[in-house]
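Colleague: A structural model of the following input is requested.
(one chain, ligands or ions: 1)
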Amino acid sequence: MPGQSRCTAILADRLPIGESPHWLYYVDVVLATDRGDGTDQLPAPSAAQLHDPILLDEIHVWRASLERPGADVERLRLLLAADEQQRADRFRFDRDRCRYIVGRAQLRVLLGRYLGLVPEQVRFEYGAFEKPRLAHPGPSFNLTHSGPVALYAFTAAGEIGVDVELDDADFAKERIAERFFSAAEVAVLRSLPERLQARAFLTCWTRKEAFIKARGDGLSLALDSFDVSLEPGAPAALLRTAWSTEETRKWYIEDLSDPDAGYVAAMALSGNARRVVKRDLF
Ligand SMILES: CC(C)(COP(=O)(O)OP(=O)(O)OC[C@H]1O[C@@H](n2cnc3c(N)ncnc32)[C@H](O)[C@@H]1OP(=O)(O)O)[C@@H](O)C(=O)NCCC(=O)NCCS
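Modeller: Okay, the predicted model is just below:
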């Protein structure tokens, strides 16, 4: 098939084909959609190309590394839209530039996988506070990164936010709880034995960030205008908001921390999905 060889050539030029099932999937999708007529206009995805649907009760959480060899980063850069490439070029430090490129390219690959599109075809638009969302029908998603770790969350139901922080006691020390947390949260934090406070700080921080990220408010929403749970062992929850007594019923918070991998993380969701499907990208 002429289309197959053309696509394979294009991909061989761009991506480390065969390195993982993930890249093979990408090849699969392109081969399935390319008509081999010399155009780059791909048809809309058929149901068969939606290889990996998200069921209504599911939240898919992917974990990935942002560290990749320089040659891969340059290839992955080609998957980004012009505005993303320009943003990448504005980073002062090369390490941040590379992590941004890898983070966005992986987001495009994962969304492409759900949508039956090649990564370059995924189009984003942005909310008032820069939350990215799809410019065409598809799942809600959010991504977060800390150091080399990235988490991506996808759901077919409701708004989603995710936040990760490396489990770093200095991060907690540098950020004064009294400046960011509500009075109720500060009281709980300070009632804990000192050795548990750094971790509880990060637990509170990531739950709060996941909530504002799900809402898309950015830091326009005062962090002390709502309370989350933070006591060790307490279920993750939104406990109170200053603006509505109904709000806590609407939101589901889940802890996604992985102590072995050295990070604290949380997810917030406004929909009814509860089954978290965790996957590693590589
Ligand atoms: C949302 C926010 C709190 C996250 O900050 P953070 O904890 O340092 O970063 P994270 O790694 O957890 O998340 C970053 C990712 O969240 C997404 N994101 C960006 N803005 C977002 C928002 N408002 N809501 C949800 N997600 C957002 C992006 O995908 C971003 O990654 P990318 O830039 O590599 O694509 C911060 O970016 C913020 O406050 N943004 C709002 C900026 C703003 O108010 N601008 C107004 C201009 S008028």
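Colleague: Please count neighbours and contacts with C-alpha atoms only from this point.
Modeller: Will do.
Colleague: May I ask you to confirm that residue 213 is in contact with residue 160?
Modeller: Yes - counting by Cα atoms under 8 Å, residue 213 touches residue 160, with 7.4 Å between them.
Colleague: and stretch 152-160, what's its mean pLDDT?
Modeller: Mean pLDDT, stretch 152-160: 95.
Colleague: Tell me the residues of the chain that contact the ligand?
Modeller: By Cα under 6 Å from any ligand atom, the part of the chain that sits against the ligand consists of 100, 103-104, 129-132, 142-146, 163, 213-214, 216-219.
Colleague: Just the buried residues of these.
Modeller: Among the residues of the chain next to the ligand, the ones that count as buried by 16 or more other Cα atoms under 10 Å are 100, 103-104, 131-132, 142-146, 163, 213-214, 216-218.
Colleague: Now, those that are in strands?
Modeller: Per DSSP state E, strands hold the following members of these: 132, 142-146, 163.
Colleague: For this protein, give me the ranges with low pLDDT.
Modeller: Applying pLDDT under 70 to the chain flags the ranges 1-52, 282.
Colleague: which residues in it form strands?
Modeller: 58-65, 124-126, 132-134, 140-146, 149-155, 160-166, 226-228, 238-241, 252-255, 263-269, 275-280.
Colleague: and residue 111, how many residues sit next to it?
Modeller: For residue 111, the count of nearby residues is 23 (other Cα atoms under 10 Å).
Colleague: That one is in contact with residue 120, isn't it?
Modeller: No - Residue 111 lies out of contact with residue 120 (Cα under 8 Å); the separation is 10.4 Å.
Colleague: Skipping its backbone neighbours, what lies nearest the residue sitting nearest the centre point of the chain in space?
Modeller: By Cα atoms, centre = their mean, the chain has its centre lying nearest to residue 143, at 1.8 Å. Leaving aside its chain neighbours, residue 143 sits nearest to residue 152 (4.4 Å; criterion: Cα to Cα, 6 or more residues apart in numbering).
Colleague: What residues does the one you found make contact with?
Modeller: Counting by Cα atoms under 8 Å, 6 or more residues apart in numbering, residue 152 touches 60-63, 107, 141-144, 162.
Colleague: tell me which of the residues you listed is nearest to the ligand?
Modeller: Nearest to the ligand, judged by Cα to the nearest ligand atom, of those is residue 144 at 3.6 Å.
Colleague: do you know how far the closest one is from residue 151?
Modeller: For residue 144, the distance to residue 151 equals 5 Å [Cα to Cα, to the nearest Å].
Colleague: tell me, what's touching these two both at once?
Modeller: 162-164.
Colleague: My read is that residue 145 contacts residue 163, right?
Modeller: Yes - counting by Cα under 8 Å, residue 145 does reach residue 163; the two are 7.4 Å apart.
Colleague: who touches both of these two?
Modeller: residue 151.
Colleague: quick one: contacts for residue 163?
Modeller: Neighbours of residue 163 in contact, by Cα under 8 Å, 6+ apart: 143-145, 151, 206-207, 209-210, 213, 265-267.
Colleague: ok, what's across the strand from residue 150?
Modeller: Assessed by DSSP bridges, residue 150 has beta-bridge partners residue 64, residue 145.
Colleague: Residues in contact with both of residue 213 and residue 160, list them for me.
Modeller: Taking Cα under 8 Å, 6+ apart as the contact rule, residue 213 and residue 160 both touch residue 142.
Colleague: follow-up on the earlier one: from the contacts of residue 152, pick the one nearest residue 53.
Modeller: Lowest distance from residue 53 to these (Cα to Cα) belongs to residue 60, with 10.0 Å.
Colleague: Contacts only, for that closest one.
Modeller: 54, 152-155, 276-279 are the contacts of residue 60 under Cα under 8 Å, 6+ apart.
Colleague: which ones are touching the closest residue to residue 271 other than its chain neighbours?
Modeller: Closest residue to residue 271 apart from its sequence neighbours, by Cα to Cα, 6+ apart: residue 158 at 4.1 Å. Listed by Cα under 8 Å, 6+ apart, the contact partners of residue 158 are 140, 269-272.
Colleague: about what we covered before: buried subset of the contacts of residue 60?
Modeller: So, by 16+ other Cα under 10 Å, the buried ones in the contacts of residue 60 are 54, 152-155, 276.
Colleague: Can you pick out the most distant pair from these?
Modeller: Farthest apart among these by Cα to Cα are 54 and 152. That separation is 13.7 Å.
Colleague: What segments of the chain are helices?
Modeller: 2-14, 21-33, 70-77, 82-89, 94-115, 169-174, 177-180, 183-191, 194-215, 247-250 (DSSP state H).
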